[in-house]
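[1] what would the 3D arrangement of this be:
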Amino acid sequence: CTISFMELWKDYEEYIKLKLKKQSYRKTVSKFKNHIIPYFKKYKVKSINVSIYTKWQKEIEKKNYSHAYNSSLHSSMVAILNYAKKFYGLKVNIASNVGNFAKKTELPKNVDFWTYEEFKKFINVVTEKHYKIFFETLYFTGLRQGECLALTWKDFKDNYLDIYKTISKEQENGQYIINTPKTKNSIRKIKIDNHLINLLNELKESYKKYEGFNDDWYIFGGIKPFAPTTIGRKKDKYCALAGVKKIRIHDFRHSHASLLLSFGVPITVIS
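    Okay, here's the model as predicted:
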């Protein structure tokens, strides 16, 4: 294995481009270009030893990233060196032998959520029907934003929502990228109550007035889904009107979990 790390990376990049989802591919490329290649590009692959690898880890630790992010960088190095073992005859994966970054003691990140009373204050001031139902769907289902935006009318079945896709934030050639959900377990059916069923049926009736309507239209947006930036602006506007604290869109998911806990649903069921 006499090739340089840069030669290995160029080959590996083509390999992962075929294997990974587009969003995962972009994240992986970003990690390599920002944190791995600048340090290892000057080395032959076979010359990367314990000393070189641990010095890189120390440089990364100086940047004070979270342990989770550091671990993802280490995993990226393990993966590319495993690739070198498989295809270029590298004898030892030095990243695997050295091991992960040391676990840091970190303060837990604050998890924001609304109580049901706070949510009611918020939703009562939302005057735009389409957005009102969107926010209610997030709150009463715990859906991720991308999963909710990817819903089409054919995914609304009687008393449940069929979740098997998500929309990435990025756009490609003016089109949103549709992917499978975050994890295998994220493919699921979510049962919904009569309140939400009635709201969605009401929304569907309003869409039927438009020419060309069909079940392939997005529930939230129509021919194309709501833009995440617009959702954020609407959310902040109505938070201010309601006088409730601003939370992230993802915190609607945490608020849903809190709602279930308040009704005595076991945490294992919520998970």
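[2] what about the strands in the stretch 151-271 of the chain?
    156-157, 160-163, 166-172, 175-179, 188-191 (DSSP state E, counting those that start in this stretch).
[3] pipe these into CSV and attach distance to Gly142, mean neighbour count and mean pLDDT per row.
    (Glycine included, C-beta is placed from N, CA and C.) Formatted as CSV, the strands of the stretch 151-271 of the chain follow (distance: least, Cβ to Cβ, whole Å; neighbours: other Cβ atoms under 10 Å; pLDDT from 0 to 100):
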stretch, distance to Gly142, mean neighbour count, mean pLDDT
strand 156-157, 17, 14, 94
strand 160-163, 10, 18, 96
strand 166-172, 14, 15, 70
strand 175-179, 19, 14, 79
strand 188-191, 8, 13, 94
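[4] so which of the ones you listed gets nearest Phe40?
    Phe40 lies closest to strand 166-172 among the strands of the stretch 151-271 of the chain, at 27.5 Å (Cβ to Cβ).
[5] how about Ile197, nearest residue that isn't a chain neighbour?
    Among residues not flanking Ile197 along the chain, Asn159 sits closest, at 6.0 Å (Cβ to Cβ, 6 or more residues apart in numbering).
[6] His195 is in contact with that neighbour, correct?
    No: with contact defined as Cβ atoms under 8 Å, Asn159 does not reach His195; the gap is 11.5 Å.
[7] show me the contacts for the residue nearest to Ile197.
    Counting by Cβ atoms under 8 Å, 6 or more residues apart in numbering, Asn159 makes contact with Lys191, Ile192, Ile197.
[8] identify the spatial nearest neighbour of Ser262, chain neighbours not counted.
    Among residues not flanking Ser262 along the chain, Tyr116 sits closest, at 7.0 Å (Cβ to Cβ, 6+ apart).
[9] how far away is that neighbour from Ile123?
    10 Å (Cβ to Cβ, to the nearest Å).
[10] okay, those two: which has more neighbours?
    Neighbours of Tyr116 and Ile123, each counted by other Cβ atoms under 10 Å, are more numerous for Ile123; the result is 16 against 13.
[11] in this structure that one contacts Phe134, no?
    No: with contact defined as Cβ under 8 Å, Ile123 does not count as touching Phe134 (10.7 Å).
[12] which one is Tyr15 nearest to, not counting chain neighbours?
    Per Cβ to Cβ, 6+ apart, closest to Tyr15 is Tyr83, 6.7 Å.
[13] secondary structure element for the one you found?
    Tyr83 is part of helix 67-88, with elements assigned from DSSP states H and E.
[14] now that helix: buried residues?
    By neighbour count on 16 or more other Cβ atoms under 10 Å, the buried set for helix 67-88 is Asn70, Leu73, His74, Ser76, Met77, Val78, Ile80, Leu81, Tyr83, Ala84, Tyr88.
[15] now the closest residue to the fifth one other than its chain neighbours: which helix or strand?
    In space, not counting the residues next to it along the chain, Met77 is nearest to Ala95; the distance is 4.2 Å by Cβ to Cβ, 6+ apart. Assignment of secondary structure by DSSP H and E places Ala95 within helix 94-98.
[16] contacts made by that helix with the rest, please.
    Contacts for helix 94-98 (Cβ under 8 Å, 6+ apart): Ile48, Asn49, Val50, Ile52, Tyr53, Thr54, Gln57, His74, Met77, Val78, Leu81, Asn82.
[17] run the last query once more with 10 Å
    45-54, 56-57, 73-82, 85 (Cβ atoms under 10 Å, 6 or more residues apart in numbering).
[18] and for stretch 234-246?
    112-115, 117-128, 130-132, 134-135, 138, 226, 232, 247-249, 251-252.
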